[in-house]
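> Here's a sequence, model it:
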Amino acid sequence: MRGEISSGTFAKRHPLDWYVDEVWCARQLAGALGDFRRERDAGLAVWDPCCGMGNTIQAAWELGLPTHISDVVNNVVWDNFDGLESLTRPIWRSADFLEHTAAPVPCSIVCNPPYSYCKGAGEYARMLISEAFARHALKLATGRVCLLLPNKWLSSQARYALFMEEHPPLAVLHLTQRPSMPPGDRIHLMGNRAFRGGMIDYCWIVWDAARPTRPGFTRTVWLPPLAQPGKLQ
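Presented below is the predicted three-dimensional model:
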């Protein structure tokens, strides 16, 4: 079995939508955003509210930014945050993101959100949980919102209002190298196959919560293969 099985039917998906992105995905985002220079200059933290094993937050943590993580279950591989003695571990909270009424601190939100057939709740009850996460993140973030999602998420009549009328993204950053997204509970069983053979195209969708983008001004950027540099100014 190949590492990428995150696009299956609802019955075959992990019940908590726990699929693990490779660390390089967030490192490419960080590089494209100037190593989170705006967050650093503004004194903002970076928060991953559905952190899983913690892979997505590693890029910001490695760069020395204050980091916060949360999820409904603590599956964080804490050993990954012990390699740099000068840095403290991210601050952990056990919480359902959609139940947050405020961010833990002024921050940008960076995450690999759930994007299954599950629905949101409350005011988000009629939309997919991925759109619920996007809209809720835009309410809570002080700086930017960066969500890692399949490219097909962009093609939707249901999200036309989100993209073109209510919250046009600042940029869509396409990963030209396909990552694998294995289910977190099967990585140990899959061994070397877990992060091999990605089959789905992904992109980072970036919003600026502080400075909304006008309709029609979303930038499209193709991030380079891993061996090549690339930066979004």
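> which residues in this protein form helices?
23-32, 37-42, 58-62, 129-140, 160, 187-190 (DSSP state H).
> what residue lies at the spatial centre of the chain?
Nearest residue to the geometric centre of the chain (Cα atoms, centre = their mean): C111, 2.3 Å.
> Contact partners for I91?
For I91, the contacting residues are 66-69, 104, by Cβ atoms under 8 Å, 6 or more residues apart in numbering. In this view, the C-beta of every residue, glycine as well, is placed from N, C-alpha and C.
> Could you list the low-confidence segments of the protein?
Where the chain drops to pLDDT under 70, the residues are 1-18, 116-119, 181-197, 227-233.
> change it to 90
1-22, 82-86, 114-129, 156, 158, 177-200, 225-233 (pLDDT under 90).
> Find the one among the helices of the chain with the highest mean neighbour count.
Burial of the helices of the chain is given as mean neighbour count (mean count of other Cβ atoms under 10 Å); helix 58-62 ranks first at a mean of 23.
> Mind giving me the packing neighbours of it?
On a contact count with 3 or more Cβ pairs under 8 Å, 6 or more residues apart in numbering; DSSP states H and E, helix 58-62 meets helix 23-32.
> Alpha carbons of the helix it packs on, as PDB, please.
The C-alpha coordinates for helix 23-32 follow below in PDB (Å, rounded to 0.1, in the frame of the first residue of the first chain):
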ATOM      1  CA  VAL A  23       7.700  18.200   7.600                       C
ATOM      2  CA  TRP A  24       9.000  19.700   4.400                       C
ATOM      3  CA  CYS A  25       5.500  20.900   3.500                       C
ATOM      4  CA  ALA A  26       5.600  23.500   6.200                       C
ATOM      5  CA  ARG A  27       9.200  24.300   5.600                       C
ATOM      6  CA  GLN A  28       8.400  25.200   2.100                       C
ATOM      7  CA  LEU A  29       5.600  27.400   3.300                       C
ATOM      8  CA  ALA A  30       8.000  29.100   5.700                       C
ATOM      9  CA  GLY A  31      10.500  29.700   3.000                       C
ATOM     10  CA  ALA A  32       7.900  31.200   0.700                       C
END
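> any idea how far the spatially closest residue to N55 that is not a sequence neighbour is from F163?
Ranked by Cβ to Cβ, 6 or more residues apart in numbering and with sequence neighbours excluded, the top spatial neighbour of N55 is V23, at 4.9 Å. Separation of V23 from F163 (Cβ to Cβ, to the nearest Å): 28 Å.
> Report how many residues lie close to P168.
Other residues near P168 come to 17 when the count uses other Cβ atoms under 10 Å.
> Next: L149.
Neighbourhood size, L149 [other Cβ under 10 Å]: 19.
> How about it: which residues does it bridge to?
Beta bridges link L149 to C203, judged by DSSP bridges.
> OK, contacts around it?
Counting by Cβ under 8 Å, 6+ apart, the residues that L149 touches are 113, 115, 130, 202-203, 205.
> one step back: verify the stated contact: the residue nearest to N55 with M53.
No: here V23 lies out of contact with M53, judged by Cβ atoms under 8 Å, at a distance of 9.6 Å.
> of all the contacts of I91, which comes closest to P179?
I69 (19.6 Å; Cβ to Cβ).
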